[in-house]
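Peer 1: Show me the folded form of this:
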Amino acid sequence: MEAPALMVIDLTNDFLAAWETGRRARLLAATNELVAHFRARDRPVIWVRQDFQDDLSDAFLEMRDRKVKLNIIGTTGAELDPRLDVRDSDITIVKKRYSPFFGTGLDAVLAENGIGSLVIAGINTHACVRMAAIDAYQRDMRVILASEAIDSYDEDHARVSLRYMDGKIARVLGTEAIKAEIA
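Peer 2: All right, here's what the predicted structure looks like:
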């Protein structure tokens with residue numbers, strides 16, 4: 001992969017609150033393992049998260065229609081899980097929609113940091129992870145989806161999404177294969 005970065009999507013307290021403890025712990029551990037690997041090779045780590053106004057005026061339609069209050073600015077729910085190895089030197093992107101490319105400065109950040117490919121971790125595979133992978137692919141970036149560091153509350157849609165993307169838009173690889181690739 002050319003000039004890779006690790007992008008970790010939406011591992012916020014609100015999104016992870018409903019996850020079974022063991023499943024959440026495995027996801028966070030796999031993510032931190034990739035973070036350590038990228039840092040050891042002086043490769044960027046990009047944390048992506050959503051946050052919204054309390055009145056949901058900047059939230060997407062489904063949230064507004066259903067009055068879903070998650071990741072509200074200024075709450076601990078909008079923060080990344082404290083067990084993640086986030087550092088001040090990392091890059092943070094705040095998004096308002098599924099894709100981290102939509103309405104953010106991500107394109108400029110990638111260009112400024114000379115990032116040419118992405119390894120993607122985070123949630124949810126069928127939604128935000130998929131959108132990030134497709135949008136990166138549309139920018140002619142090589143993409144790897146970290147199979148042990150992505151997950152979804154909707155396992156059926158996640159399987160279909162991975163089957164669709166694998167070998168076309170992205171490669172789906174386990175942690176050890178990613179570490180061998182990003183040597």
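Peer 1: what does the longest strand along the chain rub up against?
Peer 2: Determined from DSSP state E, the single longest strand within the chain is strand 142-151. The contact list for strand 142-151 (Cβ atoms under 8 Å, 6 or more residues apart in numbering) reads 1-2, 4, 8, 19, 23, 26-27, 30-31, 33-34, 116-125, 129, 133, 136-137, 158, 162, 165-166, 169-175, 178, 181. C-beta: built from backbone N, CA, C; applies to glycine.
Peer 1: ok, 6 Å please
Peer 2: The contact list for strand 142-151 (Cβ atoms under 6 Å, 6 or more residues apart in numbering) reads 1, 27, 30-31, 34, 117-121, 123, 125, 129, 133, 136-137, 170-175, 178.
Peer 1: What of stretch 157-169?
Peer 2: Contacts for stretch 157-169 (Cβ under 6 Å, 6+ apart): 125-126, 130, 133-134, 137, 152, 172.
Peer 1: out of these, which are inside strands?
Peer 2: If you go by DSSP E, these have V172 in strands.
Peer 1: In helices only, show me the contacts of stretch 157-169.
Peer 2: Within the contacts of stretch 157-169, residues falling in helices by DSSP state H are 130, 133-134, 137.
Peer 1: so which of those residues is the most crowded?
Peer 2: Neighbour counts for the ones in helices among the contacts of stretch 157-169 (other Cβ atoms under 10 Å) peak at A133, which has 28 neighbours.
Peer 1: That one reaches R171, doesn't it?
Peer 2: No: A133 is beyond contact range of R171, at 10.2 Å (criterion: Cβ atoms under 6 Å).
Peer 1: What's opposite M7 in the beta bridge?
Peer 2: I46, I120 (DSSP bridges).
Peer 1: For stretch 108-119, measure first residue to last.
Peer 2: End-to-end distance of stretch 108-119 (Cα to Cα, to the nearest Å): 18 Å.
Peer 1: Any buried residues in it, and which?
Peer 2: 109-110, 115-119 (16 or more other Cβ atoms under 10 Å).
Peer 1: Now do that stretch: everything it contacts.
Peer 2: 1-7, 44, 91, 136, 141-144, 146, 178.
Peer 1: Would you map the helices across the chain?
Peer 2: Applying DSSP H to the chain gives helices spanning 13-16, 21-40, 61-66, 106-112, 130-138, 155-165, 175-181.
Peer 1: would you turn those helices into a markdown table with distance to I73?
Peer 2: Listed next are the helices of the chain as a markdown table, based on distance: least, Cβ to Cβ, whole Å:
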| stretch | distance to I73 |
| --- | --- |
| helix 13-16 | 12 |
| helix 21-40 | 23 |
| helix 61-66 | 13 |
| helix 106-112 | 19 |
| helix 130-138 | 22 |
| helix 155-165 | 28 |
| helix 175-181 | 33 |
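Peer 1: Can you tell me which of these is nearest to E79?
Peer 2: The minimum distance between E79 and the helices of the chain falls on helix 13-16, with 5.7 Å, by Cβ to Cβ.
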